[in-house]
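1. based on what follows, work out the 3D shape:
(chains A and B)
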Amino acid sequence: MSTTQRYFPSAATRVSVVALIASVLGLSPWVIGQDRAKLQRPVMMDSNGPGTDLFVLDESGILHKFHVMQNSLQEFGRAPLPAEFTPADMAFAAAEGQDSLLIAGTEAGHGALVRYSIDGVALHTWTFRNICSGIDFSTAKHSAYVATSDSNEIYRVDLTKPQPVFVTRISEATKLGPVALDEGHQQFFVADVASGKIYQYSLAGKNSKVLAAGLSAPTALAFDAESNRLFVADPGRGGVFTVDTKAAPSAPIEFAPGMLKSPYGITLISGSRVAVADYGANRAVVLSVKGDALFRFPATD
Amino acid sequence: MPLGHRAAVRLLVSICAPLVCSIVLITFCSSLALGQALAPQFSMDSVNVRQEGVVSFSTLFLATDTRADFPEPRFLLGQTDDQSYRLYLDVDSIQQIRFNAFTFAAYLANAKEAARGAYKFQVTGNPTGSFRDAPVRVSFRVKSGTNSSVGTILMPVYNATKTDLLQAEKQGEPAYVSVSGATPLQIRLSNPADTLPVAVTDVSVVESCLKCWTRVSSAVNEKSPLQVEPGTASILPVDLFPNSIPALLQGALVVKPDVPHDTLSVMVTYHTLPGGADKKQTIPAEVRFGPGLIGLAMALCGGIGLGLAARYLLTGKLGKDTERAVHAVLTALVFGIIAEFVGIMLTAYGSSKLVLFGLDIDPRQLFPAFILAMLVSGGPAVVSWMKDLFGKTA
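-> Model (predicted):
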């Protein structure tokens, strides 16, 4: 039995004459015009290796794909993710000759890590006993590091193996969330969403410590290996903060103050720039590493 | 200036400058420290929500704020038992974090110095368990110097893991949907008592029979939400526009009245008020198309029979002068079916109207189909008699 979904009464699904002509001519969706240049409630994002492509997931489960240009983001496609999967964090992964997105979240009450093609097709699923809340991917090890929010554990998932491997448990944490890897120093950072702390865990030394405190609800991390800075999106405090990873404990410093409403996602993109998913403002914002606003998507409200 | 004096001044400056800088630095740092010290320690106790879960809170002092006015309903008010501090929760600042947590801004004001502003805190709630979004009374503590105060505030708490906050009334039998025109489908949604109000902001429908519908719409949307208060029920209106012929065919062979012709999956998107996260809930709605192909056929046959009987009574014959009775009955049957089919096609797919004796009639309904068949089979004699009876032209 085939089914289709009909949305109403919003005009979002209405196809304009221009869009129809454009689709007949085979033009990319972003060419179609302002009707499609929308981003509703972006919640998480990540970029490919060189940062030339940006992937943004919105609250309704639509994956938006962008080319990162010199002065703009150009959307080149969208793909819906299955409704029964609730994503919590995502990471781009280029492995086994295929670009993909690893999305950690929950499915039917259990934690799950799903590897999707960039067209939104599920390729592989790893299941967990606990709720998956954070993820980052190690290109060198072809492995993902996954955090769980209800047991405060970290697992390593080798993309070629069926079972996750336990790495550590941050016993003093309340609710672990996003993860960021520092491959150069063999360490990762993981945020405690409930207590507003960032933990630093050494993979070599197998020990953890508090890197930073004084945040409210850190929902995304991005590590800049060039400056050894950790970028933290904190919608609770309504901004993005940077943390010096060489100093522990380190006080978070506000980055681009006053420019963001409710940042949920963050990632580094090409040209030493920072992309932020501003959930409250319904846009993706691109900033320089100094915190200057460069451009955004959509370009206008 | 003499050289000796200049050297003396330089010496004095070299001695004093570090001293002055140190004093300025110490003053600056101590003023910062004083600012921090002046802020009272504020914490919120964990709260058990109906034995179904717990919410713990973390608080973070942000800054002193000059705000002195905290109007309702934007701000929820709590107070310490000794009435020394007031706590204002800014409901506009409530945000749902995707890791099943929520955060909001709270202002703590000294009751005696309320005009001087308040201390702004950011609070993050961490729910565990399976409770539904609800208003609960939360204890908070304020410690300033050696004084310690305890108070309570009635505030909303949220839990992303709990879904299906609304209860849809179970259908006793499939809803009747007329194959002609629009049929309003009313879904009764109730919200349990002692919870938060729920605002339905979007409705979407998945149909099992794709061809059976031309349009399904609802007046409920983000700009015009349907609010369901705790302990009450509201009607969610959905307008159904069936596609006549496929809908008739869909129900043609399903005779049992409790078997649905189609099942709609009505997906409602809603959130609790204030500040709840969007949740989706699917409500099945079974429908039966009416009047049904068998009913229409019976109305058609009945109309033909009555038309022929009337013709016989008015003219003494069933057909033309030399026409045999069987031929006349078959002719009436064939033309009755053709008239009904053409009538359905015109009204369903064209913008035409079928007007008989000045009245718009819809041949997809039982009685109009019956009348149409009666007039066709009755012929000019019955039509003339009807004209005389109503005094109008067809």
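
2. ranges for the helices of the stretch 251-394 of chain B?
-> B:293-315, B:325-349, B:366-390 (DSSP state H, counting those that start in this stretch).

3. between these, which one is nearest to B:Cys212?
-> Closest of those to B:Cys212 is helix B:325-349, at 12.5 Å (criterion: C-beta to C-beta). For every residue, glycine as well, the C-beta is placed using N, CA and C.

4. give me the low-pLDDT residue ranges for the stretch 201-301 of chain A?
-> Scanning the stretch 201-301 of chain A for pLDDT under 70 picks out nothing.

5. repeat that for 90
-> Counting by pLDDT under 90, the stretch 201-301 of chain A has low-confidence residues at A:247-250, A:256, A:258, A:271-272, A:299-301.

6. check whether the host helix or strand of A:Pro87 comes near chain B.
-> A:Pro87 is part of strand A:85-95 when elements are defined by DSSP states H and E. Yes: judged by C-beta under 8 Å from any C-beta of the partner chain, strand A:85-95 comes into contact with chain B through A:87-88.

7. helices or strands next to that strand in the packing?
-> Packing partners of strand A:85-95 (3 or more C-beta pairs under 8 Å, 6 or more residues apart in numbering or on different chains; DSSP states H and E): strand A:42-47, strand A:53-58, strand A:98-107, strand A:110-117, strand A:132-138, strand A:143-148, strand A:176-182.

8. okay, the residue lying closest to B:Pro363 once chain neighbours are set aside: pLDDT?
-> Spatial nearest neighbour of B:Pro363, chain neighbours left out: B:Gly343 (3.4 Å); criterion: C-beta to C-beta, 6 or more residues apart in numbering or on different chains. Here, the pLDDT recorded for B:Gly343 equals 79.

9. could you double-check that B:Gly343 sits in contact with B:Leu372?
-> Yes: under the criterion of C-beta atoms under 8 Å, B:Gly343 makes contact with B:Leu372 at 6.1 Å.

10. identify the contacts common to those two.
-> By C-beta atoms under 8 Å, 6 or more residues apart in numbering or on different chains, B:Gly343 and B:Leu372 have these common neighbours: B:354, B:363.

11. more crowded one of these two?
-> More crowded of B:Gly343 and B:Leu372, by other C-beta atoms under 10 Å in any protein chain shown: B:Leu372, with 25 against 20.

12. I'd say the more buried one and B:Gly302 touch.
-> No: B:Leu372 lies out of contact with B:Gly302 (C-beta under 8 Å); the separation is 11.6 Å.

13. I'd guess B:Ser93 is in a helix, am I close?
-> No: according to DSSP: H, G, I helix; E, B strand; the rest coil, B:Ser93 belongs to no helix; its state is strand.

14. burial of the residue lying closest to it once chain neighbours are set aside, as a residue count?
-> Nearest non-adjacent residue to B:Ser93, counting by C-beta to C-beta, 6+ apart: B:Ala105, 4.0 Å away. A count of nearby residues for B:Ala105, using other C-beta under 10 Å, gives 23.

15. what does A:Glu226 give?
-> The burial count for A:Glu226: 8, using other C-beta under 10 Å.

16. and if you look at the one 3 residues further on?
-> A total of 20 residues lie near A:Arg229 under the criterion other C-beta under 10 Å.

17. what about the residue lying closest to it once chain neighbours are set aside, distance to chain B?
-> Leaving aside its chain neighbours, A:Arg229 sits nearest to A:Thr242 (4.7 Å; criterion: C-beta to C-beta, 6+ apart). Distance, A:Thr242 to chain B, by C-beta to the nearest C-beta, to the nearest Å: 18 Å.

18. A:Thr242 against A:Asp234, yeah?
-> No: between A:Thr242 and A:Asp234 there is no contact under C-beta under 8 Å: 11.2 Å.

19. can you list the domain ranges for chain B.
-> The record's domain split for chain B, according to automatic domain parsing, is B:41-157, B:167-290, B:294-390.

20. now do the contacts for the residue nearest the centre of chain A.
-> In chain A, the residue lying closest to the centroid (C-alpha atoms, centre = their mean) is A:Met45, at 3.2 Å. Listed by C-beta under 8 Å, 6+ apart, the contact set of A:Met45 reads A:54-57, A:90, A:220, A:265-267, A:275, A:277, A:284.

21. partner residues bridging it?
-> On the basis of DSSP bridges, A:Met45 is bridged to A:Val56.

22. isn't B:Leu137 right next to B:Ile153, touching?
-> Slight slip there: residue B:137 is Arg, not Leu. Yes: the pair B:Arg137 / B:Ile153 is scored as a contact, 7.2 Å apart, by C-beta under 8 Å.

23. of the two, who's got more company?
-> Legend: neighbour count by other C-beta under 10 Å for B:Arg137 and B:Ile153, higher for B:Ile153 (19 against 10).

24. backbone dihedrals for the more buried one, both of them.
-> The phi/psi pair for B:Ile153 (degrees, to the nearest 10) reads phi -140, psi 140.

25. so how far is B:Ala106 from the closest residue to it other than its chain neighbours?
-> Nearest residue to B:Ile153, sequence neighbours excluded (C-beta to C-beta, 6+ apart): B:Gly78, at 2.5 Å. Counting by C-beta to C-beta, to the nearest Å, the gap from B:Gly78 to B:Ala106 is 9 Å.

26. what do the two both touch?
-> Joint contacts of B:Gly78 and B:Ala106 (C-beta under 8 Å, 6+ apart) are B:87-89.

27. for residue 96, which non-adjacent residue is closest in space?
-> No chain in the question, so chain A it is. A:Leu159 is the one closest to A:Glu96 (C-beta to C-beta, 6+ apart), at 6.9 Å.

28. actually chain B
-> Nearest to B:Gln96 is B:Ala277, by C-beta to C-beta, 6+ apart, at 3.8 Å.

29. low-confidence ranges, the stretch 1-150 of chain B, go.
-> Within the stretch 1-150 of chain B, the stretches with pLDDT under 90 are B:1-39, B:67-68, B:98-100, B:111-117, B:130, B:144-146.

30. point out the residues in it that sit beside chain A.
-> B:56, B:58, B:60, B:62, B:95, B:97-101, B:103, B:122, B:124, B:126, B:128.

31. buried ones among those?
-> B:56, B:58, B:60, B:62, B:95, B:97-101, B:103, B:122, B:124, B:126, B:128 (16 or more other C-beta atoms under 10 Å in any protein chain shown).

32. how about the contacts made by the residue nearest to B:Pro363?
-> B:354, B:363, B:369, B:372.

33. and the strand holding A:Pro87 with strand A:53-58, angle?
-> 170 degrees (axes from the mean of the first three to the mean of the last three C-alpha atoms, to 10 degrees).

34. list the neighbouring strands of strand A:85-95 plus their orientation.
-> strand A:98-107 (antiparallel).

35. what mean pLDDT does the strand it pairs with have?
-> For strand A:98-107, the per-residue pLDDT averages 93.

36. which residues are contacting that strand?
-> By C-beta under 8 Å, 6+ apart, strand A:98-107 touches A:46, A:48, A:55, A:57, A:63, A:81, A:84-94, A:111-118, A:123, A:125, A:127, A:131-135, A:137, A:144, A:146-147.

37. distance check, B:Ala109 against A:Ala256.
-> Distance from B:Ala109 to A:Ala256, by C-beta to C-beta: 31 Å.

38. what of B:Gln79?
-> 38 Å.

39. before we move on, what about B:Ser377?
-> Distance, B:Ser377 to A:Ala256, using C-beta to C-beta: 82 Å.

40. those two: which is more packed in?
-> Comparing B:Ser377 with A:Ala256 by other C-beta under 10 Å, the one with more neighbours is B:Ser377, at 28 against 20.

41. now do B:Phe104 against A:Phe55, distance only.
-> 30 Å.

42. do A:Phe231 as well
-> For A:Phe231 relative to A:Phe55 (C-beta to C-beta), the value is 17 Å.

43. okay but A:Leu57 is in contact with A:Asp46, surely?
-> No: using C-beta under 8 Å, A:Leu57 is not in contact with A:Asp46, being 9.0 Å away.

44. more neighbours: B:Gly78 and B:Ala106, which one.
-> Using other C-beta under 10 Å, the more surrounded residue of B:Gly78 and B:Ala106 is B:Ala106, with 26 against 21.
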